[in-house]
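> with the input below, show me the fold.
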Amino acid sequence: MGSSGVASRADWSGWTGKRVIVTGGAGFLGRFVCESLRRRGVLATVNSDDPGMMRFDIADEYVAVAAAYGYTLEQMEQISLDGIEASWMADADKAAMRGSFLTEFDALRAEFGLAPRS
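You can find the predicted model right below:
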C-alpha cells in the first residue's frame, strides 16, 4: 500500500482475507470493484440494508448479485461461505454455521435434482 492508503495495481498482498464494504456492489461501478476484489482474495460479501424500509431483503440481494455478475450456483454458495468467514463470530461459531450451510446446500441440491457440490 502506498502512503495514501490506496493499494497500487501491483501490490494487493495486504488485502487477502480483509473485510470490505462496497455499497451498490451490483451496480454499474460496484460490479467492477467487487469482482476485482474477489479475484484478489478479498472477502467481498452480500449484505442488505433495512429490508423493512427498502422492501429488498438479503434473498433479493443474492438474486441481484447473481444476475449482475452471471455467477454460478457454486460461486453464490462460496459468497455465502465468505460472508460467514468475514463475520466477527468466534471461530467455533463460524465452523458450526459453515457446517449448517454446507448441509443445507447439499439438501437443496438433492431436492432440486442438481449435481452435488464439487
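> quick one, helices of this protein?
28-39, 51-54, 58-69, 73-86, 91-111 (DSSP state H).
> reformat those into TSV and put mean pLDDT, distance to residue 11 and mean neighbour count next to each item.
Just so you know, the C-beta spots here come from the backbone N, C-alpha and C atoms, and that holds for glycine as well. Shown next, in TSV, are those (pLDDT from 0 to 100; distance: least, CB to CB, whole Å; neighbours: other CB atoms under 10 Å):
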stretch	mean pLDDT	distance to residue 11	mean neighbour count
helix 28-39	80	14	15
helix 51-54	73	36	9
helix 58-69	86	25	15
helix 73-86	92	22	17
helix 91-111	97	28	12
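> got JSON lines for the ones you listed, with distance to residue 16 too?
Converted to JSON lines, the helices of the chain look like this (distance: least, CB to CB, whole Å):
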{"stretch": "helix 28-39", "distance to residue 16": "10"}
{"stretch": "helix 51-54", "distance to residue 16": "31"}
{"stretch": "helix 58-69", "distance to residue 16": "20"}
{"stretch": "helix 73-86", "distance to residue 16": "12"}
{"stretch": "helix 91-111", "distance to residue 16": "18"}
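> so which of the ones you listed is nearest residue 118?
Residue 118 lies closest, by CB to CB, to one member of those: helix 73-86, at 7.2 Å.
> now do the closest one: distance to the chain's middle.
Put simply, helix 73-86 sits 5 Å off its chain's centre (CA atoms, centre = their mean, to the nearest Å).
> residue contacts, residue 40?
By CB atoms under 8 Å, 6 or more residues apart in numbering, residue 40 lies in contact with 12, 15-16.
> okay, it: pLDDT?
For residue 40, the pLDDT comes out at 82.
> and it, how far from residue 74?
For residue 40, the distance to residue 74 equals 19 Å [CB to CB, to the nearest Å].
> how about residue 64?
Counting by CB to CB, the gap from residue 64 to residue 74 is 18 Å.
> with that, I have no additional questions.
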